[in-house]
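J.: Model the structure of this input:
(one chain, ligands or ions: 2)
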Amino acid sequence: MTLCFIFSEQASTMFLEQFNKGNGKKCFFSSLFITVVFTISFYWYENKTIRWRFEGLLRCSQEPSNVNDDVSPLDLLTDLAIGRMLYDKPQTFKPPRSDILMITPWLAPIIWNGSYNSDILNAQFHQRNVRIGITVFAIKKYTAFVKTFIKTAEQFFMVGYKVNYYVFTDRANDISNFTLPEGRQLVILKVPSYKRWQEVSMRRMEMIRDHAYQRFYKEVDYLVCVDVDMRFSDSVGVEILSDVFGTLHPGFYNAQRDHFTYERRQQSTAYIPTDEGDFYYAGGYFGGTVEEVYKLTNFCHNAMMTDQNNSLEAIWHDESYLNKYFLYHKPTKILSPEYLWDNGFDVPQFLQRRRFVAVPKNHNAIRNKRALQENHGYQK
Ligand code: 5GW
Ligand code: MN
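T.: Ligands and ions are numbered 1, 2, ... in the order given. Have a look, this model is predicted:
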């Protein structure tokens, strides 16, 4: 292209010389020549660029190839700028919160109220046009929780984004119809119900894994996997999204390592020794990209199956396997207990918001029989 310009510059000098000499015919032909050469070079250059882009695209969807190494996928980059925004400058020596831990030793942010700016995050995530899937299980009597769950989610969960509610159930007829705004939809997924409640809870890993493999990857970018016996009571937005995230359990955010209710039997695949562990993550709230959630659920399900073959079941079921996964595959973001709270606990000072809280349940009526000794070691 530069050559082309140099060439036309020389030509125009020539043109001016001829013009000054009063040589009209020569002048006409040389200007015609300049125009033709310029046009041809311009289109040649443009087409070459387009062809490069096209090859780049093809290459992404095909096997890696060694030919044409002068073509880079970076040729496909597009600019995603968020534009002018007005907000207070972040202050190097004045963190927005000093009463809580905002970052892990592996530099994953812990999400608390006041630690982020929703306007900036929304500007970024809207540009990416993200689609979010939220999975819940409503097996047997737990179908009773779906209505409140979805109604409150419509008020507070990812407002303004594309959201798919994936409701796994054995009683599709018990799920009422919802009129949802454009871009948000309810997807009922029929699944078997297991007899033991422990298995109902644990098999969630397998079912999320299988559906991630079969369909979620086509429909959404991120998955948020939560308990259904919950209600949203304050905003939950894109600040939670990251490659793979877990949530601090509301009963253990301040507990000592050796007080975490990890699986402590060495024979179990979920075993964690007392001198290891970062946090105690809740089984009822994790997520990430479809790919990362696939890896997580696949790990947990396989670990459970290994234990089952050895007649073992980890102390807190899926939660124990999740904690084992997160010990050696560190989450890239952690949600504070604002995102998973139980009003059975006193509300501590640092808890500025309660965004997603457990719906009190009559344990005997809703669960049939859950043995009394099986509590999480804290009072509900
Ligand atoms: C039933 C009896 C005892 C424990 C769990 C169940 C149960 C759980 C069930 O019958 N049906 C069902 O769909 N679940 C799913 O597992 C729900 O999505 C529920 O939110 C999740 C975890 O069970 P939770 O909420 O009873 O467990 P906690 O520890 O939050 O009380
Ligand atoms: Mn629950």
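J.: Quick one, grab the pLDDT at Ala365.
T.: Ala365 is assigned 71 on the pLDDT scale.
J.: Surely it is in a helix?
T.: Yes: under DSSP: H, G, I helix; E, B strand; the rest coil, Ala365 sits within a helix.
J.: how about the nearest residue to it, chain neighbours excluded?
T.: Lys141 (7.9 Å; Cβ to Cβ, 6 or more residues apart in numbering). To be clear about C-beta, it is placed using only N, CA and C from the backbone, and glycine gets the same treatment.
J.: Over to that neighbour: give its phi and psi.
T.: phi -70, psi -10 (degrees, to the nearest 10).
J.: That one and ligand 1, how far apart?
T.: 6 Å (Cβ to the nearest ligand atom, to the nearest Å).
J.: How about Ile100?
T.: Ile100 is 24 Å from ligand 1, by Cβ to the nearest ligand atom.
J.: Count the residues that sit near that residue.
T.: 15 (other Cβ atoms under 10 Å).
J.: in the sheet, who's paired with the residue nearest to Ile315 when sequence neighbours are not counted?
T.: Residue nearest to Ile315 in three dimensions, not counting chain neighbours: Glu263, with 5.2 Å by Cβ to Cβ, 6+ apart. Glu263 has these beta-bridge partners by DSSP bridges: Tyr271.
J.: Skipping adjacent residues, who's closest to the residue of the stretch 251-380 of the chain found nearest ligand 2 in space?
T.: Of all residues in the stretch 251-380 of the chain, the one sitting closest to ligand 2 is Gly284 (5.1 Å; Cβ to the ion). Of all residues not flanking Gly284 in the chain, Asp227 sits nearest, at 3.6 Å (Cβ to Cβ, 6+ apart).
J.: same question, Leu189
T.: Closest to Leu189 by Cβ to Cβ, 6+ apart is Phe168, at 4.8 Å.
J.: all helices for the stretch 201-350 of the chain, in order.
T.: 217-219, 290-309, 318-328 (DSSP state H, counting those that start in this stretch).
J.: Tell me the residues on the stretch 1-150 of the chain that lie near ligand 1, please.
T.: By Cβ under 6 Å from any ligand atom, the residues of the stretch 1-150 of the chain that approach ligand 1 are Val136, Phe137, Ala138, Ile139, Lys140, Lys141, Tyr142.
J.: Next, format those residues as a markdown table and append distance to ligand 2 and secondary structure.
T.: Formatted as a markdown table, these follow (distance: Cβ to the ion, whole Å; DSSP: H, G, I helix; E, B strand; the rest coil):
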| residue | distance to ligand 2 | secondary structure |
| --- | --- | --- |
| Val136 | 10 | strand |
| Phe137 | 10 | strand |
| Ala138 | 12 | strand |
| Ile139 | 12 | coil |
| Lys140 | 14 | helix |
| Lys141 | 13 | helix |
| Tyr142 | 9 | helix |
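J.: With pLDDT and neighbour count as added columns, please give the residues you listed in TSV.
T.: Output for those, formatted as TSV (pLDDT from 0 to 100; neighbours: other Cβ atoms under 10 Å):
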residue	pLDDT	neighbour count
Val136	99	24
Phe137	98	25
Ala138	98	23
Ile139	98	21
Lys140	98	18
Lys141	98	14
Tyr142	98	24
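J.: Tell me the one among these nearest to Arg184.
T.: Of all those, Val136 has the smallest distance to Arg184: 14.6 Å, by Cβ to Cβ.
J.: What count of nearby residues applies to the residue nearest to Gly284?
T.: When neighbours are counted by other Cβ under 10 Å, Asp227 registers 20.
J.: Quick check: pLDDT value at it.
T.: 98.
J.: Next: the one 4 residues further on.
T.: Predicted confidence (pLDDT) for Arg231: 98.
J.: now Leu3
T.: 38.
J.: next one: the one 4 residues further on
T.: In this prediction, Phe7 carries a pLDDT score of 44.
J.: May I have the phi/psi pair for the residue nearest to Gly284?
T.: Dihedral pair for Asp227: phi -70, psi 150, per degrees, to the nearest 10.
J.: That one contacts Asp318, correct?
T.: No: at 10.8 Å, Asp227 does not count as touching Asp318 under the criterion of Cβ atoms under 8 Å.
J.: got any residues that touch both of these two?
T.: Gly283 (Cβ atoms under 8 Å, 6 or more residues apart in numbering).
J.: The residue of the stretch 251-380 of the chain closest to ligand 2: neighbouring residues, count only.
T.: 23.
J.: contacting residues around it?
T.: Contacts for Gly284 (Cβ under 8 Å, 6+ apart) come out as Val226, Asp227, Met230, Thr247, Glu319, Leu340.
J.: 7 Å instead?
T.: Val226, Asp227, Leu340 (Cβ atoms under 7 Å, 6 or more residues apart in numbering).
J.: which one of those residues is nearest Lys295?
T.: Closest to Lys295, out of all of these and judged by Cβ to Cβ, is Val226, at 18.7 Å.
J.: thinking that closest one is in contact with Val136, fair?
T.: Yes: between Val226 and Val136 there is a contact under Cβ atoms under 7 Å: 6.1 Å.
J.: The residue of the chain found nearest ligand 2 and ligand 1: what is the separation?
T.: Of all residues in the chain, the one sitting closest to ligand 2 is Asp227 (3.5 Å; Cβ to the ion). Look at Asp227 and ligand 1: by Cβ to the nearest ligand atom, they are 3 Å apart.
J.: Number the chain from 54, please
T.: Got it, first residue is 54 now, which makes that one Asp280.
J.: ok, so what distance separates that residue from Val199?
T.: Distance, Asp280 to Val199, using Cβ to Cβ, to the nearest Å: 12 Å.
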